[in-house]
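In: Below are the sequence and a predicted model for it; my questions follow.
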Amino acid sequence: MITPADPGEAQGGAASFTAALQQLTGLVAGLQGELRQVQAQLGERELEETVLVVAAAVLGAADAGVTQAAPAAQAPEAGLGASTGTGVLIYPPTYHLTGGCPSTSRPNRGLPRSTATSTACPPLSSKNSAVLWTTFKIAEGFIRPSNSPWGAHVLFAPKKDGGLRFCIDYRGLNKQTVKNAHPLPRADDLIDQLHGARIFYKIDLRSGYWQLPIDPADVAKTAFCTRYNHFEWLVLLFGRTNAPAAFTDLMHGIFRDLLDRGVVIFLDNILIYCKTADEHERLLREVFTRLRNHKLYAKESKCELWRTEVTFLSHVINEHGVSMEACKVDAISQWPRPNDPGDIRSFLGLAGFYRRFVRSRFLQIAAPLNDLLTKTAKFEWTDAQEHAFQSLNIALTHAPILRPYDPNLPYTLDLDASDFAVGAVLLQGTATDRDLLPVAFESKRLNRAERKYSARDWEQLALVHATH
């Protein structure tokens, strides 16, 4: 915990924090009366327990003392100081990320029906969930009451554990937002940087988006409506079209000189990779120093230190190569037969993410499934679709271990071509082992004009596709 050095300053901070708690306690007291009116169908005991949960969450902060910033916990290596913990955060004042949205048009369609989104939701669903969620976020400093002319809908999606996930529909706002063109890094490009690494350290920022304040001029545009009040966000929020690009731009700016030199970053996931212990410690200190200087806080429970094998972007990586994540392999092996185009898209989405692991021409195997996704196609599951589905399932559940590409070593490119598709496999050895192992498999389905090429032209097309 970080406390003020000056006793007078500490006393003033305590008074300010206590006043904030009293204000939040008053909010809880007011909500108690409303809850009793709108939840008359609940038993008295269940209702009281609901209100007590809210009050305990707010008042419990008083037992932890007064903080001037988010509590900091020491990293596993002494002196590194990765900031972790919970509490009311004091955000870095310099990062005001604009929403890029014109203020002339305000998509505000009023409140939707306040019913549960699913019959599986319990009676204590949307109304009490809105109270609990907004009270927590006010206490954490993420949102505040609003009188903005903007107002997005609040939706509740059922969770697997029977609870509800609080969602805000920003589609109207996103349509009017000027898009940020900053690209997200490709997963395969990041993984290719890890060749030769033996030691890994993975850092996951705690609610990364919520650690960054947004431009005060855009706060009113983030407003959303609940049955009980109107709120607006003070921090970068999930669901906004520019949030990933803005967060990526920030992280790349902080670590620009370290990117692909021992550090790769995808949104709020930081992976440190190196070959020696000395290099590992140097990079670790540098990364944590920058996080601390920019007041970005990691979630200790999700950090993995000094690993010889790590899971990153749904890939398992070690010094021997890259393989598919076990849970994804299990999901594919247990995938039920698709019953409609939506099911096919879901399956091909996961299969396509791992297409570089498919030995045969992926797109040629998947062609019968893709044929059912055209606008004019009638959904009819035949032997061709069943064979394609089972073939992809077998290919992905028995996928090989791939070797990360090393640009400093020679490589071999094997090409394949037919009148339906072209394919290629990139092979490479190591400095000590000249045995060629696959780096990636690639394929392309031919269009109508390309199918008229000669066999020699197909081979040249395979080369062009594989090298571009």
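Out: That came through, no problem.
In: Show me what counts as buried in stretch 277-288.
Out: In terms of neighbour count (16 or more other Cβ atoms under 10 Å), stretch 277-288 has its buried residues at His280, Leu283, Leu284, Glu286, Val287, Phe288. (C-beta placed from N, C-alpha, C; glycine too.)
In: actually stretch 452-466, sorry about that
Out: Residues Tyr453, Trp458, Leu461, Ala462, His465, Ala466 are the ones in stretch 452-466 that count as buried (16+ other Cβ under 10 Å).
In: Go through those and name the one nearest Phe312.
Out: Ala466 (25.5 Å; Cβ to Cβ).
In: Quick check: nearest residue in space to the closest one, chain neighbours excluded?
Out: Ala424 (3.6 Å; Cβ to Cβ, 6 or more residues apart in numbering).
In: pretty sure that neighbour belongs to a strand, no?
Out: Yes. Counting by DSSP: H, G, I helix; E, B strand; the rest coil, one finds Ala424 located in a strand.
In: I'd assumed Val464 was in contact with it.
Out: No. Assessed by Cβ atoms under 8 Å, Ala424 is found out of contact with Val464, at 10.2 Å.
In: Tell me how many other residues crowd Cys225.
Out: By other Cβ atoms under 10 Å, 22 other residues sit near Cys225.
In: For it, give me phi and psi.
Out: Dihedral pair for Cys225: phi -110, psi 140, per degrees, to the nearest 10.
In: Give me the distance between it and Asn174.
Out: 17 Å (Cβ to Cβ, to the nearest Å).
In: Check Thr432 too.
Out: 51 Å.
In: quick one, which of these two is more surrounded?
Out: In terms of neighbours (other Cβ under 10 Å), Asn174 is the more surrounded of Thr432 and Asn174; the figures are 18 against 5.
In: For the residue lying closest to the more buried one once chain neighbours are set aside, give me its contacts.
Out: Distances taken as Cβ to Cβ, 6+ apart put Thr241 closest to Asn174, at 4.0 Å, once the chain neighbours are dropped. By Cβ atoms under 8 Å, 6 or more residues apart in numbering, Thr241 lies in contact with Tyr170, Asn174, Thr177, Lys179.
In: most neighbours, which of the residues you listed?
Out: Tyr170 leads the contacts of Thr241 on contacts (other Cβ under 10 Å) with 22 neighbours.
In: got a pLDDT number for that residue?
Out: Looking at Tyr170, its pLDDT is 86.
In: From Thr177, how far off is the spatially closest residue to it that is not a sequence neighbour?
Out: Leaving aside its sequence neighbours, Tyr170 sits nearest to Gly239 (Cβ to Cβ, 6+ apart; 4.7 Å). Taking Cβ to Cβ as the measure, Gly239 and Thr177 are separated by 11 Å.
In: Asn293 too?
Out: As judged by Cβ to Cβ, Asn293 and Thr177 stand 30 Å apart.
In: and Leu250, which of the three is it?
Out: helix.
In: so it sits right up against Leu212, yeah?
Out: Yes. Counting by Cβ under 8 Å, Leu250 does reach Leu212; the two are 6.7 Å apart.
In: Filter the buried residues of stretch 277-288 down to the ones in helices?
Out: Mapping these onto helices (DSSP state H) picks out His280, Leu283, Leu284, Glu286, Val287, Phe288.
In: Which of those sits closest to Thr135?
Out: Phe288 (33.0 Å).
In: mind checking pLDDT for the closest one?
Out: Confidence for Phe288, expressed as pLDDT, is 89.
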